[in-house]
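> model the following, please.
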Amino acid sequence: MHDSLFEPLKMGALEAKNRIFMAPLTRGRAADPMFEPNELMATYYRQRSNAGMILTEATGISTEGLGWPSAPGIWSAEQTEAWKASTEAVHAEGGLIVCQLWHMGRIVAPYFLGGERPFSASETKAPGEAHTPEGRQEYATARAMTHEDIQRTIGDYRRAAENAKIAGFDGVQLHSANGYLVDQFLRNGTNHRTDEYGGSPENRTRFMREILEALIDVWGADRVGIRLSPNGDSQGTDDSDPASIFGAAAKVCEELGLAFVELRQPGPDGTFGQTDVPKQDALIREIYKGALILNSDYSAEEADADVSSGRCDAVSFGRPYISNPDLAHRIKVGAEFAPNKDVPKSWYFPIPEGYVDYPTLAEQQAAQAS
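Okay, the predicted model is just below:
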């Protein structure tokens, strides 16, 4: 069943055993101490190593870039060492795991910054409220990054990439989607700069390009990928001409020879805002010739159709991988997907329940038979 999804895929130096990938999913389990990975996370990733490639949950590159309770970081020696349990667990099962590098920009609440304001491409404020250990708090108006801020942040990405290599990852993915820092530079709704980082689409991709160049310097282009979200508004981050900016971004990815590009293109129930806008994957496919991964809200049938037709090379599944640790096997045998426990604390609270206690299909059938 779904034969196209079970063909191996070579992406630069990365070789996936199938085309059913695990999308990045923030789960908030890196508690005690804050931001440090743990054995519970290693169990979670090991259980899901049947994926052709695991893209880790968004992982903070610095203290000033991470504003989500109990999300993991990879800026310190302690965090780097702690990640080894997860990479070793996945590799022991024959899996592939890539670290997604994350800076939230204006989405970081002052709570995480000792009361200081976050920074962004320009002085703007995100709509809504931030999730903090003390409850929801209104976002602050971000300050515009200076050139010194920009260079320091690129250095933080480089250090995180170096740490990811030490931790045993197979590569890194730059998180440039969902209204976070790099996305805030890309889109003219949040980038009002008049220097070389603002204005034209080419200028607005400069920050992204310089970060990617730093990652490539550490890893080589054949182990570096990127996530983009070329769908409308994302946490208040939008663009008046998506085709121009995402076409320019795709050109950067092609020129740098990235191993893969993942596009988040949610359906009507997407998490990050407006979705009733034209999708840009055909445009990006035309410009970027490497491996293209599409996400999200896919069924097995839709994934098989898009891979078979050549629309994309792989599909990354997010929420289905929460409740189906053996998702690739379920797809192969045509089994139904198990539903998620739609309880907020099971999504983000640092407990095992709703995280590592979902049964595989074999365990589920054994329980039903007993």
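> which pLDDT value goes with Gly270?
At Gly270, the model reports a pLDDT of 51.
> avg pLDDT for stretch 280-290?
For stretch 280-290, mean pLDDT rounds to 96.
> list the buried ones in that stretch?
Buried residues in stretch 280-290, defined by neighbour count with 16 or more other Cβ atoms under 10 Å: 280-281, 283-285, 287-288, 290. For the C-beta atoms, the positions are set from N, CA and C on the backbone; glycine is no exception.
> how about those residues in CSV, adding distance to Arg223?
CSV is the format used below for these (distance: Cβ to Cβ, whole Å):
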residue, distance to Arg223
Gln280, 25
Asp281, 23
Leu283, 26
Ile284, 20
Arg285, 22
Ile287, 21
Tyr288, 17
Gly290, 12
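> okay, the residues you listed in TSV with distance to Gly128 and secondary structure next?
Formatted as TSV, those follow (distance: Cβ to Cβ, whole Å; DSSP: H, G, I helix; E, B strand; the rest coil):
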residue	distance to Gly128	secondary structure
Gln280	25	coil
Asp281	27	helix
Leu283	29	helix
Ile284	28	helix
Arg285	33	helix
Ile287	33	helix
Tyr288	32	coil
Gly290	35	coil
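> Leu5 and Ile331 touch, don't they?
Yes: the criterion here is Cβ atoms under 8 Å, and Leu5 meets it with Ile331 at 6.4 Å.
> Ser316 should be in a helix, yeah?
No: under DSSP: H, G, I helix; E, B strand; the rest coil, Ser316 falls outside any helix and is assigned strand.
> neighbours of it, how many?
Neighbour count of Ser316, defined by other Cβ atoms under 10 Å: 28.
> likewise for the one 10 residues further on?
Neighbour count for Asp326, taken as other Cβ under 10 Å: 24.
> and what of Glu116?
For Glu116, using other Cβ under 10 Å, the count is 12.
> and it, how far is that from Gly67?
When distance is defined by Cβ to Cβ, to the nearest Å, Glu116 is 12 Å away from Gly67.
> what's the answer for Asp313, then?
Counting by Cβ to Cβ, the gap from Asp313 to Gly67 is 33 Å.
> and what of Asp170?
Using Cβ to Cβ, Asp170 is found at 27 Å from Gly67.
> related to what we said a few turns ago, can you tell me which of the buried residues of stretch 280-290 is nearest Tyr298?
Asp281 (12.7 Å; Cβ to Cβ).
> for that closest one, which residues are in contact?
Listed by Cβ atoms under 8 Å, 6 or more residues apart in numbering, the contact partners of Asp281 are 230, 263, 265, 292, 294, 311-312.
> most widely separated two among these?
Across those, no pair lies farther apart than Pro230 and Arg311, at 14.4 Å, counting by Cβ to Cβ.
> show me which of the two is the more surrounded one.
Pro230 (25 against 14).
> do I have it right that that one meets Ser244?
No: contact criterion Cβ under 8 Å: Pro230 and Ser244 do not qualify, at 11.0 Å.
> where in this structure is pLDDT low?
For the chain, the stretches flagged by pLDDT under 70 are 1, 267-277, 342-344.
> what's next to the helix or strand containing Asp156, contact-wise?
Using DSSP states H and E, Asp156 maps to helix 147-166. Applying Cβ under 8 Å, 6+ apart, the contact partners of helix 147-166 are 59, 61-62, 65, 74-75, 77, 79-80, 83, 99, 101, 103, 119, 145, 172, 174, 181, 195, 197, 207, 210-211, 214-215, 217-219.
> among these, name the buried ones.
Buried by 16+ other Cβ under 10 Å: 59, 61-62, 65, 74-75, 79-80, 83, 99, 101, 103, 119, 145, 172, 174, 181, 197, 207, 211, 214-215, 218-219, out of these.
> thinking again about what came up before, who has more neighbours, Leu5 and Ile331?
The neighbour count for Leu5 versus Ile331, taken as other Cβ under 10 Å, is higher for Ile331 (25 against 22).
> now do the contacts for the more buried one.
Contact analysis of Ile331 by Cβ under 8 Å, 6+ apart lists 1-2, 5, 20, 300, 303.
> is it possible to get JSON lines of those residues that adds distance to Ala250 and secondary structure?
As requested, the contacts of Ile331 are exported to JSON lines (distance: Cβ to Cβ, whole Å; three-state DSSP):
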{"residue": "Met1", "distance to Ala250": "32", "secondary structure": "coil"}
{"residue": "His2", "distance to Ala250": "28", "secondary structure": "coil"}
{"residue": "Leu5", "distance to Ala250": "24", "secondary structure": "helix"}
{"residue": "Ile20", "distance to Ala250": "24", "secondary structure": "strand"}
{"residue": "Ala300", "distance to Ala250": "27", "secondary structure": "helix"}
{"residue": "Ala303", "distance to Ala250": "22", "secondary structure": "helix"}
